[in-house]
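1. With the input below, show me the fold.
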Amino acid sequence: MIAGPRLVRWGGFAGSVATAGTAYLGGSGFARVPSINPGTLLSGQRGVLLPVLWVLGMALLITAWWVGRHAVPSTRWALLTAGLWFLPVLPFLPLGSADVYSYACQGFVQHAGGDPYAAGVGGSGCPWLGSVATSWVDSPAPYGPLFLMLAARVVAVAGESLTGVVAGLRIVALAGVALLAVAVPALARSRGADPARATWLVLACPLVLIHLVSGAHNDAVMAGLIVAGLVLAAAAQPETPGSARLVLAGVVLGLAVGVKATAIVVVPFAVLAALPGPDRRLRELWRPAVAVGGGLVLATVALAGLSGRGAGWVTGLLRSGDTVTWGSPPTAVGLVVEAVTGLPAVPVTRLIGVVVLAVVLVLLWWRARRGDAITGAGLALAATVLCAPVFHPWYATWPLAVLAAVRAEHRWLLGLCAFAATLTTPAGYNWALYTRVPGAFVVTAALVTAVVVAVRRRVDRRVVA
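-> Purely as a prediction, here's the structure:
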């Protein structure tokens with residue numbers, strides 16, 4: 001029996017209220033204290049109510065989201081319900097990570113005229129340094145110049161009030177979520193998919209509430225810009241593939257890259273989306289490629305100049321893989337090799353993962369020439385998440401924002417999002433850190449199994465053919 005809209009709405013709201021209680025009792029605080037890891041959380045060292053509310057809240061949110069995809073009566077209902085779920089967590093501490101505090105100090109450095117890409121925030125004089133996770137104190141900012149300018153503007157308005165800065169950064173994230181609320185149903189309509197269901201899958205996902213709304217991650221802005229750019233590209237008139245709309249699509253995607261470099265993988269698929277399928281010839285792509293590429297370059301150059309930081313943010317990307325957990329499949333394989341042989345294998349398997357990603361992206365693009373370019377873009381983001389050296393739960397929102405707008409369900413992605421929502425404690429400690437080696441063996445075994453199954457299916461198809 002499928003639950004009705006009323007039960008879904010208020011069941012999820014009850015989960016949001018319980019989750020807000022965990023933010024009040026044990027969210028990511030302004031002062032760094034000993035981490036609330038899974039052991040201390042479940043043993044009741046911070047009180048019994050905190051773990052009870054966390055488990056109850058997550059269970060209700062995930063269940064309501066999962067069941068609700070079959071009970072969404074309209075896009076308006078989906079928007080109102082997701083907005084209702086967001087309200088309880090807004091007045092309280094961030095959930096799921098302490099990244100918002102590193103955003104604050106990076107914004108402080110940018111506002112003060114320093115260079116966040118030259119070094120970490122440790123020697124910057126940031127008044128909120130005590131709130132920043134130790135892993136980020138000495139790491140250069142890995143984010144693009146657009147986000148640094150937004151963070152600097154928040155600091156300029158809020159002054160020395162950390163509460164004001166966190167609230168401002170949360171408003172920036174909410175602006176990204178609002179852009180998703182507009183762009184996701186528009187993209188779904190352009191693909192012949194149900195806009196209400198697409199809106200629900202994205203906005204009601206527990207990852208959005210915990211990490212984008214409460215945690216104020218800048219992924220919200222990047223994802224919103226990616227989907228908006230794809231909408232513009234897909235809406236370009238086939239007879240005018242070099243139109244101003246495509247240039248604007250390139251500009252919007254350039255702004256997404258200006259938040260996080262990850263967005264660049266979508267650009268080649270935006271070029272394909274500008275032409276009607278299913279058979280796109282290579283010689284027809286040069287005009288949309290010039291238009292989208294020109295807009296991308298224009299936005300990139302403008303952001304580099306306005307921020308005063310040029311291309312210095314590339315340096316920060318080199319330090320974005322410091323976290324070593326089984327959440328990243330290439331890292332998990334490396335951890336298994338290290339556990340068995342004692343050799344330092346993680347850097348090698350991570351490099352192999354990057355090479356595999358490059359190959360997969362090319363294959364996805366080539367396949368998308370004769371298929372759905374939007375699905376290709378979503379799968380490219382999924383491949384980037386799975387092959388990257390580091391995985392954080394909120395990364396799963398990248399492919400979700402795009403693939404929710406196509407007609408295929410991609411239940412594997414929904415399952416990944418549901419699982420990822422359970423990976424952090426309220427204060428941000430990741431279960432993958434707590435179970436590093438055992439989890440690496442499980443992920444590696446699952447990866448090997450998936451490869452074997454895929455190979456067997458391919459062989460069976462060839463035999464049948």
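2. and the spatially most central residue of the chain, what pLDDT?
-> Closest residue to the average C-alpha location of the chain: residue 395 at 3.2 Å, with Cα atoms, centre = their mean. pLDDT recorded at residue 395 is 97.
3. Which residues are in contact with the closest residue in space to it that isn't next to it in sequence?
-> Computed as Cβ to Cβ, 6 or more residues apart in numbering, the closest residue to residue 395 that is not its neighbour in sequence is residue 385, at 4.8 Å. To be clear about C-beta, it is placed using only N, CA and C from the backbone, and glycine gets the same treatment. Neighbour list for residue 385: 391, 395-396, 398-399 [criterion: Cβ atoms under 8 Å, 6 or more residues apart in numbering].
4. Pull out the buried members of these.
-> Neighbour counting by 16 or more other Cβ atoms under 10 Å classes 391, 395-396, 398-399 among the contacts of residue 385 as buried.
5. in what helix or strand does residue 10 lie?
-> helix 5-26 (DSSP states H and E).
6. which one of the contacts of residue 385 sits closest to residue 429?
-> residue 391 (15.4 Å; Cβ to Cβ).
7. In space, what's closest to the closest one - neighbours in sequence excluded?
-> residue 327 (3.5 Å).
8. where's the one you found relative to residue 138, distance?
-> 22 Å (Cβ to Cβ, to the nearest Å).
9. who's more crowded, the two?
-> Between residue 327 and residue 138, residue 327 has the larger neighbour count (other Cβ atoms under 10 Å), namely 26 against 13.
10. Tell me which residues touch the more buried one, please.
-> 390-393, 423, 430, 432.
11. Same question for residue 95.
-> Contacts of residue 95 by Cβ under 8 Å, 6+ apart are 19, 22-23, 27-28, 89, 210-211, 214-215, 424, 426, 428.
12. Likewise for residue 396?
-> Residue 396 touches 207, 385, 413, 416-417, 420, counting by Cβ under 8 Å, 6+ apart.
13. my guess is it is in a helix, correct?
-> Yes - assigned with DSSP: H, G, I helix; E, B strand; the rest coil, residue 396 falls within a helix.
14. any idea how far it lies from residue 223?
-> 11 Å.
15. Need the residues touching each of the two.
-> Contacts common to residue 396 and residue 223, judged by Cβ under 8 Å, 6+ apart, are absent.
16. quick one: the strands in the stretch 251-400 of the chain?
-> For the stretch 251-400 of the chain, applying DSSP state E, counting those that start in this stretch gives no strands.
17. quick revisit: neighbour count added to the contacts of residue 95, as a markdown table?
-> Below are these laid out as a markdown table (neighbours: other Cβ atoms under 10 Å):
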| residue | neighbour count |
| --- | --- |
| 19 | 27 |
| 22 | 29 |
| 23 | 26 |
| 27 | 25 |
| 28 | 27 |
| 89 | 26 |
| 210 | 29 |
| 211 | 30 |
| 214 | 29 |
| 215 | 31 |
| 424 | 25 |
| 426 | 29 |
| 428 | 20 |
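18. of all these, which comes closest to residue 365?
-> For those, the minimum distance to residue 365 (Cβ to Cβ) is 28.8 Å, reached by residue 211.
19. check contacts around that closest one.
-> 95-97, 217, 219, 393-394, 397.
20. And the pLDDT at the nearest residue to residue 24 once chain neighbours are set aside?
-> Distances taken as Cβ to Cβ, 6+ apart place residue 92 nearest to residue 24, at 5.0 Å, with adjacent residues excluded. We have a pLDDT of 96 for residue 92.
21. In this structure residue 92 contacts residue 26, no?
-> No - counting by Cβ atoms under 8 Å, residue 92 stays clear of residue 26, with 10.4 Å between them.
22. Mind checking the pLDDT average for stretch 114-125?
-> The model assigns stretch 114-125 a mean pLDDT of 86.
23. buried stuff in that stretch?
-> 114-117, 119-121, 124.
24. now, the most widely separated pair of these?
-> Longest span within the buried residues of stretch 114-125, Cβ to Cβ: 117 and 124, 12.3 Å.
25. residue ranges for the helices of the stretch 101-250 of the chain, please.
-> 134-137, 145-158, 162-190, 195-203, 206-207, 219-234, 244-257 (DSSP state H, counting those that start in this stretch).
26. Packing partners of the fifth one?
-> This points to helix 206-207. In this structure, helix 206-207 packs against helix 49-68, helix 411-420, with contacts taken as 3 or more Cβ pairs under 8 Å, 6 or more residues apart in numbering; DSSP states H and E.
27. Could you give the separation of the shortest one from the chain centroid?
-> Its chain's C-alpha centre lies 13 Å from the corresponding centre of helix 411-420 when counted by Cα atoms, centre = their mean, to the nearest Å.
28. May I see the buried residues of that helix?
-> 413-414, 416-418, 420.
29. on that earlier part again, the following helix or strand past the helix holding residue 10 packs against which elements?
-> For helix 5-26, the following helix or strand on the C-terminal side (DSSP H and E) is helix 38-42. Helix 38-42 sits against helix 49-68, helix 431-434, with contacts defined as 3+ Cβ pairs under 8 Å, 6+ apart.
30. Sketch out the low-pLDDT regions of this protein for me.
-> Low-confidence segments of the chain (pLDDT under 70): 1-2, 33-37, 42-45, 236-242, 278-279, 313-322, 463-465.
31. Kindly recompute the last result at 50.
-> 1 (pLDDT under 50).
32. sorry, back to before: which pair of the contacts of residue 327 spans the longest distance?
-> It's 390 and 423 that sit farthest apart of those, by Cβ to Cβ, at 13.0 Å.
33. Apart from its chain neighbours, what residue comes closest to residue 309?
-> residue 145 (5.2 Å).
34. what distance separates the start and the end of stretch 111-118?
-> 15 Å (Cα to Cα, to the nearest Å).
35. Name the residues that touch it?
-> So stretch 111-118 is contacted by 106, 109-110, 124-125, 140-141, 148, 152-153, 155-156, 309, 312-313, 315-316 (Cβ under 8 Å, 6+ apart).
36. Please name the residues that touch residue 343.
-> residue 337.
37. Need phi/psi at it.
-> phi -90, psi 150 (degrees, to the nearest 10).
38. Please determine how far it is located from residue 441.
-> From residue 343 to residue 441 the distance is 17 Å (Cβ to Cβ).
39. Residue 73 - how many residues pack around it?
-> 10.
40. That one is in what secondary structure piece?
-> Residue 73 belongs to no helix or strand, assigned by DSSP H and E.
41. which ones are touching the closest residue to it other than its chain neighbours?
-> Counting by Cβ to Cβ, 6+ apart, residue 5 is the residue found nearest to residue 73 once chain neighbours are left out, at 5.5 Å. For residue 5, the contacting residues are 68, 71-73, 77, 81, by Cβ under 8 Å, 6+ apart.
42. Much appreciated, bye for now.
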